[in-house]
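K.L.:
model this:
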Amino acid sequence: MIISIINHKGGVGKTMTAHNLGAALALMKKKVLLVDFDPQCNLTSRCGINPADEHVTISSYLHDDEQEFLLKNLNKYLFLIPGDDALDADSMEMAAMDDPKEAVNLLKNILDRVGEGFDYILVDGAPGSGMLMLNALYAADEIIIPMSDKDAMMGVSKIGKLIKANNLRLKAHYLITRHDSRLSLCNELRDCLISECPELTYHTIIRNTEALRQSGCNGQDIFQYAPKSNGAADYKSLAKEIAGRRSKEMNI
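P.N.:
The predicted model follows:
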């Protein structure tokens, strides 16, 4: 299953979710591939890897469909395709391609080649609504839209328009992130999503914790940095919820 984690708006916990959800699924002995498809390369850095040191990145595969896959092995079950700041230029090249259909399916073609043997592929998508976002949408079986505040709803609207304009049939779920029950704005977002689209909102809520911020800064997932923290408990719960939904859909 390919899951793209996206929002038009930045700063909503997108990369944090890709990193820690992947680690949580790996703890469940699911084989997981993380794909850093954001030119900021924050997912790569969070995994303790300096993007500037990597010679084979997601950009390498975009430019050469015969490039041998050299995945970064983070642990027995967790792997990474590093990001590349060249994705900004790649996006412009995609927009200039003669075949629009080929341009929006570049990432999908890569993941189709590498995907065999993985239970989950998690794509950390770039913010905005350009070619990188479109590639993340076209590649996905499902999308997760992290939501940390009501301003993120504007990003959701733009994603919805992109999906409709491209006639995509995608399962989408909202994930409440960086939640602080002491703040009225956080509670308003939670109440809005739960009341208006309960079937599309994960039951798991990712609480706002210092451990989640610090773990990424230290190049570790939350289970390495603070395995007994609220952040670890929340992402473990999310992984179980996602795996449980998939099992039901597959009638396992």
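K.L.:
low-scoring pLDDT stretches of the stretch 51-200 of the chain, where are they?
P.N.:
Applying pLDDT under 70 to the stretch 51-200 of the chain flags the ranges 152-155.
K.L.:
Now do the strands in it.
P.N.:
Taking DSSP state E, counting those that start in this stretch as the test, the strands found in the stretch 51-200 of the chain are 72-73, 78-81, 120-125, 142-147, 171-179.
K.L.:
highest average neighbour count across these?
P.N.:
The highest mean neighbour count among the strands of the stretch 51-200 of the chain, using mean count of other C-beta atoms under 10 Å, belongs to strand 120-125: a mean of 26. Where you see a C-beta, it was placed from the backbone N, CA and C, and this is true even at glycine.
K.L.:
starting at the chain centroid, how far to that one?
P.N.:
What separates the centre of strand 120-125 from the centre of its chain is 4 Å, taken as C-alpha atoms, centre = their mean, to the nearest Å.
K.L.:
Just want the angle from it to strand 142-147.
P.N.:
50 degrees (axes from the mean of the first three to the mean of the last three C-alpha atoms, to 10 degrees).
K.L.:
can you list the residues that contact stretch 90-105?
P.N.:
Stretch 90-105 is contacted from outside by 39, 59, 62-63, 84, 106, 126, 130-132, 134-135, 138-139, 166, using C-beta atoms under 8 Å, 6 or more residues apart in numbering.
K.L.:
re the thing from before, kindly present the strands of the stretch 51-200 of the chain as a markdown table, with separate columns for distance to Gly11.
P.N.:
A markdown table is the format used below for these (distance: least, C-beta to C-beta, whole Å):
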| stretch | distance to Gly11 |
| --- | --- |
| strand 72-73 | 25 |
| strand 78-81 | 22 |
| strand 120-125 | 14 |
| strand 142-147 | 10 |
| strand 171-179 | 9 |
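K.L.:
now for those strands, which one comes closest to Cys217?
P.N.:
strand 171-179 (15.3 Å; C-beta to C-beta).
K.L.:
Strand partners (parallel or antiparallel) of the closest one?
P.N.:
Counting by DSSP bridges, the strands paired with strand 171-179 are strand 142-147 (parallel), strand 201-207 (parallel).
K.L.:
angle of the helix or strand just after the longest one against strand 201-207?
P.N.:
Next in sequence after strand 201-207, counting helices and strands by DSSP states H and E, comes helix 210-217. With the same axes, to 10 degrees defining the directions, helix 210-217 sits at 90 degrees from strand 201-207.
K.L.:
that older thread, highest neighbour count among the contacts of stretch 90-105?
P.N.:
Asn135 (29 neighbours; other C-beta atoms under 10 Å).
K.L.:
show me what contacts Leu34?
P.N.:
Leu34 neighbours (C-beta under 8 Å, 6+ apart): Ala18, His19, Gly22, Leu43, Cys47, Leu74, Leu78, Phe79, Leu80, Ile81, Leu122, Asp124.
K.L.:
I'd say the first one and Asn42 touch.
P.N.:
No: Ala18 sits out of contact with Asn42 when judged by C-beta atoms under 8 Å, with a separation of 9.3 Å.
K.L.:
Alright, I will stop here.
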